[in-house]
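Chemist: Whatever this is, show me its structure:
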Amino acid sequence: MSLCLALLILQRVLPAVVTIIGYAAMALFTLASTVILNLTPARK
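Modeler: Take a look at the predicted model:
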């Protein structure tokens, strides 16, 4: 496989991968914060 073709594929695929990783990170962060809030007793 030539380098140009690899770079072209990378250019097309990279934004999608970054977006997926970003959404996964946000989902994990939301899940983790929800679990932490549920585990810690509510202080009022």
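
Chemist: Distance of Ala32 relative to Val13?
Modeler: 28 Å (CB to CB, to the nearest Å). (Each C-beta comes from the backbone N, C-alpha and C, glycine too.)

Chemist: burial count for Met26?
Modeler: Residues near Met26, counting by other CB atoms under 10 Å, number 10.

Chemist: Kindly report the same for Pro15.
Modeler: 9.

Chemist: Which stretches in this structure count as helices?
Modeler: 3-39 (DSSP state H).

Chemist: Name the spans of it whose pLDDT lies under the cut-off.
Modeler: 1, 42-44 (pLDDT under 70).

Chemist: One more pass at 90, please.
Modeler: Applying pLDDT under 90 to the chain flags the ranges 1, 39-44.

Chemist: Tell me how far Ala24 lies from Ala6.
Modeler: Applying CB to CB to Ala24 and Ala6 gives a distance of 25 Å.

Chemist: whoops, Ala27 was the one
Modeler: Applying CB to CB to Ala27 and Ala6 gives a distance of 30 Å.

Chemist: cool, Ile36 as well?
Modeler: 42 Å.

Chemist: cool, Leu37 as well?
Modeler: 45 Å.
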